[in-house]
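Colleague: Kindly generate the corresponding structure for this input.
(one chain, ligands or ions: 1)
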Amino acid sequence: MAVSKSRVVDIHTHMYPPSYIKILESRSAIPLVRSFPQAPDPRLILLEAEVKGLEEATNNPEAKLPGRPLTSHFASLAQKVHFMDTHGIDISVISLANPWLDFLSASESGKMGESVNEEFSRMCGEHPGRLFFFATLPLTAPLETVLASVSHVQGLKYCRGIILGTSGLGKGLDDPALLPIFEAVAAARLTIFLHPHYGLPNEVWGPRASAEYGHVLPLALGFPMETTIAVTRMYLSGVFDKIRDLRMILAHSGGTLPFLAGRIESCILHDGQLVKEGKAGKGRRTIWEVLKEQLYLDAVIYSEVGLKAAIDASGADRLMFGTDHPFFPPLETDEQGEWESVSLNADAVARAVGEGSKQATAVMGGNAISILRLDED
Ligand code: 5CU
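Modeller: Presented below is the predicted three-dimensional model:
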């Protein structure tokens, strides 16, 4: 393996290939793409929290536009590479953005999954060594189709893992029916990248949110809580003990898991039912241990405070830089230039572990290169 200068790797960076956008354009329920006469770019409408705004804009041409503009950043490979070059990113591990194949029927998702994964593989092949990808699984399809998909993507040269939402087969990630899939993914040495989409129920945000608070509540709070809840359910159900080779990267520095791990532990130790059932006693692997042995965290938390919690919980050797491109573009400067959302994360790494330090080099790329085997063919 060649030893080279320190490289910057972005492990949290999404795309929607053109065939996927076509499906979104044909839909009348979220997720969808819709054009409005008052805006040059079509709008990409993804989240439950955007449904009310979609209805308002459909009925009233004066209403504010729902969702986000679907710019070339979402689907163009040339634009992805331009973004990488602009920000000094040597390697990107690209993934389909939410909500993946979750909304497709059982009969559609297997074929679509195969074609999306082939498309990602082809894109990576156009920039060998610069692009790898997390594949997507057709989780609404029958089990044998999902397992066939794991075998398929294992054989794709640039595939290094699976991007996964929190719904699993429809009942969440603590569903025992998922175990054969997790086992197959772990046996294939594919790392799961766990990413939120569904957030929390709209009522949590209150009646003023849709009109007055933009996307702040569902994205800043709903996404991280969703991830935290999904992983805690997995932990409580014993998935990590059952499949010790399972490896997962948690988006957004683990949601709030690093901050709440102590409280989760205390609630277990003080839970009458769990104590009585022998689930809280000696020999139990704590959530802290799982964080240090089976979980990795991305560094997409935008501040050194969050990053320091992630490092304390999981270790600087388990943290990996990401950008969340093409989400969070600059709103007042040229999108072809530098993005503040990127520099916020890069600056947070420098402040948390020291600019130019060994740890900074690891978080910015070295960890991803070794954890995701990016120097292997
Ligand atoms: O802005 C957003 O809604 C999103 C999203 O949907 N997915 C993501 O990864 N980041 C931001």
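
Colleague: residue ranges of the helices in the stretch 251-377 of the chain, please?
Modeller: 257-269, 272-276, 287-293, 304-314, 340-353, 358-361, 367-371 (DSSP state H, counting those that start in this stretch).

Colleague: Pick out the residue of the stretch 251-377 of the chain closest to the ligand.
Modeller: Phe327 (3.5 Å; C-beta to the nearest ligand atom). Quick note: C-beta positions are derived from backbone N, CA and C, even for glycine.

Colleague: pretty sure that residue contacts His12?
Modeller: No. Contact between Phe327 and His12 fails when scored by C-beta atoms under 8 Å: they sit 9.7 Å apart.

Colleague: who has more neighbours, the two?
Modeller: Ranked by neighbour count (other C-beta atoms under 10 Å), Phe327 and His12 place His12 first, with 26 against 20.

Colleague: Pretty sure that one sits against Leu319.
Modeller: No. Between His12 and Leu319 there is no contact under C-beta under 8 Å: 11.7 Å.

Colleague: hey, what's in contact with both of these two?
Modeller: By C-beta atoms under 8 Å, 6 or more residues apart in numbering, His12 and Leu319 have these common neighbours: Asp298.

Colleague: Can you pull the residues of the chain lying near the ligand?
Modeller: Proximity of the chain to the ligand, by C-beta under 6 Å from any ligand atom, involves residues 14, 46-47, 68, 97-98, 215, 219, 324, 327.

Colleague: Low-confidence stretches in the stretch 1-150 of the chain?
Modeller: 1-4 (pLDDT under 70).

Colleague: So which of the residues of the chain next to the ligand are in strands?
Modeller: Cross-referencing the residues of the chain next to the ligand against strands under DSSP state E gives 14, 68.

Colleague: ok, so of the residues of the chain next to the ligand, who is nearest Gly272?
Modeller: Using C-beta to C-beta, Leu219 is the member of the residues of the chain next to the ligand that lies nearest Gly272, at 36.8 Å.

Colleague: ok, so what distance separates that closest one from Arg34?
Modeller: According to C-beta to C-beta, to the nearest Å, Leu219 stands 20 Å off from Arg34.

Colleague: Tell me how far the top helix by length along the chain lies from the chain's centre.
Modeller: Scanning the chain for the longest helix, with DSSP state H as the assignment, gives helix 106-126. Relative to its chain's centre, helix 106-126 lies at 18 Å (C-alpha atoms, centre = their mean, to the nearest Å).

Colleague: All set now, cheers.
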